[in-house]
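[1] fold the following.
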Amino acid sequence: MIDARMELGTTDDIDELLALYAAVQESVEGTDNDPLWKVGVHPCREQLEAAVAADALFVLRAAGQLAGALIADETAAPGYEAVPWRVDAEPGEFAVVHLFAIHPDFRGQGLARPFLTAVEDELRRRGRKAVRLDTLITNVGAQRTYERLGYENMGRYHLTYGTYIDTEDPRFVLFEKSLL
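    Okay, the predicted model is just below:
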């Protein structure tokens, strides 16, 4: 594994982050790991700026480059309240991960686990009891990754947010990991 470090993202990172997300989307488009992002819409500059302002944007640097990123904040989509979460945590006591990505140039180098672990450690230090996240049911690659990283699959649920308006059948799989 190459030497890498997690740090908080800044507004100076935003153009590079948008390029990272575009590279990720391009590399996985049409695969079982496609998040169906529309870079510029989701993710967009405004989301990243808001995450910077909230100290919720985490970046991974490796070999002098931006190798990964995610947002961990309190924004839970409508529908999260219907999930029978294992960890009893009120709003403000859990974080929701959004836009987790490793740049294609750094995939397969074992960076996802230490990056997410460093973010989890920081969230624990901030008093969070759990980390929660969602992915599209078609994003099987991400689901396998989250399960390998110790996240519990909570099943399929209806969510409505952003450009994703849920259909009759649930389109999202939700995950949780205890930080206790």
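
[2] now Pro91, nearest residue through space, not along the chain?
    Spatial nearest neighbour of Pro91, excluding adjacent residues (C-beta to C-beta, 6 or more residues apart in numbering): Glu74 at 6.1 Å. Every residue, glycine included, has its C-beta placed from N, CA and C.

[3] and the one you found, how many residues sit next to it?
    Counted with other C-beta atoms under 10 Å, residues neighbouring Glu74 total 13.

[4] could you do His98 as well?
    Neighbours of His98 (other C-beta under 10 Å): 21.

[5] dig out what the closest residue in space to it that isn't next to it in sequence forms beta bridges with.
    Once flanking residues are discounted, His98 sits nearest to Ile71: 4.3 Å by C-beta to C-beta, 6+ apart. Under DSSP bridges, the beta-bridge partners of Ile71 are Leu57, His98.

[6] who does the helix or strand harbouring Leu174 pair up with?
    Of the helices and strands defined by DSSP states H and E, Leu174 is found in strand 172-178. The partner list of strand 172-178 in its sheet, established with DSSP bridges, is strand 130-136 (antiparallel), strand 152-157 (antiparallel).

[7] which among these is found nearest to Ala95?
    Counting by C-beta to C-beta, Ala95 lies closest to strand 130-136 out of these; the figure is 5.3 Å.

[8] for that closest one, output the C-alpha coordinates as CSV.
    Output of strand 130-136 as CSV, limited to C-alpha atoms (Å, rounded to 0.1, in the frame of the first residue of the first chain):
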residue,chain,number,x,y,z
ALA,A,130,-22.7,5.5,14.0
VAL,A,131,-22.0,6.0,10.3
ARG,A,132,-24.8,5.5,7.8
LEU,A,133,-24.9,5.6,4.1
ASP,A,134,-26.9,4.6,1.0
THR,A,135,-26.3,3.4,-2.5
LEU,A,136,-28.4,2.5,-5.4
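
[9] pull the distance from that strand to the chain's centre.
    Remark: strand 130-136 is offset 7 Å from the chain centroid, using C-alpha atoms, centre = their mean, to the nearest Å.

[10] with stretch 64-75 instead?
    With C-alpha atoms, centre = their mean, you get 7 Å for stretch 64-75.

[11] now do it, average pLDDT.
    For stretch 64-75, the mean pLDDT works out to 95.

[12] which residues touch it?
    The contact list for stretch 64-75, computed with C-beta atoms under 8 Å, 6 or more residues apart in numbering, reads 4, 9, 13, 16-17, 20-21, 47-48, 51, 54, 56-62, 91-92, 94-103, 105-106, 111-112, 115-116, 119, 123, 131.

[13] how about 7 Å then?
    4, 9, 13, 16-17, 20, 51, 54, 56-61, 91-92, 95-103, 106, 111, 115, 119, 123, 131 (C-beta atoms under 7 Å, 6 or more residues apart in numbering).
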